[in-house]
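[1] coords please:
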Amino acid sequence: MTDEDTARSEHREPDVPTDPEAELLGRRIEYLFTYVQPLGRRYTLQEVVDGIKKSAGANDPKLSVGRLWSLVKGRASNPTVGTLRVLGEFFGVPLAYFIDDEVAERVSAQLSLIAAMRANDVRSVALRAAAVATMSAQGIEAVRSLIEQGGKGDDDAPPAGEDPSTGR
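    This next block holds a predicted model:
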């Protein structure tokens, strides 16, 4: 065992009892960090805390980087409704995303679709909000898959304007 291995083992966090609900909440928050990236990159914990502070009202809950880290890692159980509300407002998702499986599935599918569109630089695609809101998660997933496939290109395809049967 090297000194580095010893140091790592000495600094391991104590075994924290796992709470399935806290872990699920942590995965949902982590999903937001992964898929909500208006800056073109993942938010830092500090940016989220600062963003929440900037838009917070007098009665809104305070959120520290340490508390947010605990929530993301699924180690903080039983957060307040206020905490979930300000997180939802920051990331642009409804409060129900954190507690309702059906809403979480629909919102996750929508975020995944947006990320696929952004990743494939599909700026000309405009989905009507009503259509997206009423699509099933499977429907949104199908659209996302089509967008991803379209972004890969087809090297065997004829140049634009050329008839594939004649080559002209």
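
[2] G40 in helix, strand or coil?
    coil (DSSP: H, G, I helix; E, B strand; the rest coil).

[3] Quick one: low-confidence residue ranges for this structure.
    For the chain, applying pLDDT under 70 flags the ranges 1-17, 119-135, 151-168.

[4] which helix in this protein runs the most residues?
    Scanning the chain for the helix with the most residues, using DSSP state H, yields helix 101-119.

[5] List the buried residues in that helix.
    104, 106-117 (16 or more other Cβ atoms under 10 Å). C-beta coordinates here come from the backbone N, C-alpha and C atoms, glycine included.

[6] which helices and strands does it pack with?
    Judged by 3 or more Cβ pairs under 8 Å, 6 or more residues apart in numbering; DSSP states H and E, helix 101-119 is in contact with helix 20-35, helix 137-152.

[7] Would you mind finding the most buried of those helices?
    helix 20-35 (a mean of 17; mean count of other Cβ atoms under 10 Å).

[8] How about residues contacting the helix or strand following that one?
    Later in the chain than helix 20-35, the nearest helix or strand by DSSP states H and E is helix 45-55. For helix 45-55, the surrounding residues in contact (Cβ atoms under 8 Å, 6 or more residues apart in numbering) are 33, 43, 60, 62-65, 68-69, 72, 86-87, 89-90.

[9] what do you get if the cut-off is 7 Å, keeping everything else the same?
    Identification of contacts with helix 45-55 by Cβ atoms under 7 Å, 6 or more residues apart in numbering yields L63, S64, V65, L68, W69, V86, E89, F90.

[10] ok, the fifth one to E30 distance?
    By that I understand W69. The gap separating W69 from E30 is 11 Å, by Cβ to Cβ, to the nearest Å.

[11] how close does the residue nearest to A115 when sequence neighbours are not counted sit to K62?
    Counting by Cβ to Cβ, 6 or more residues apart in numbering, Y35 is the residue found nearest to A115 once chain neighbours are left out, at 5.0 Å. For Y35, the distance to K62 (Cβ to Cβ) stands at 26 Å.

[12] ok, now L111?
    Using Cβ to Cβ, one obtains 26 Å as the distance from L111 to K62.

[13] repeat for Q138
    For Q138, the distance to K62 (Cβ to Cβ) stands at 39 Å.

[14] again with R85
    13 Å.

[15] Looking at those two, which is more packed in?
    More crowded of R85 and K62, by other Cβ atoms under 10 Å: R85, with 15 against 12.

[16] For that one, grab phi and psi.
    For R85, the backbone dihedrals (degrees, to the nearest 10) come out as phi -60, psi -50.

[17] Spatially nearest residue to it (excluding sequence neighbours)?
    Nearest residue to R85, sequence neighbours excluded (Cβ to Cβ, 6+ apart): L95, at 5.2 Å.
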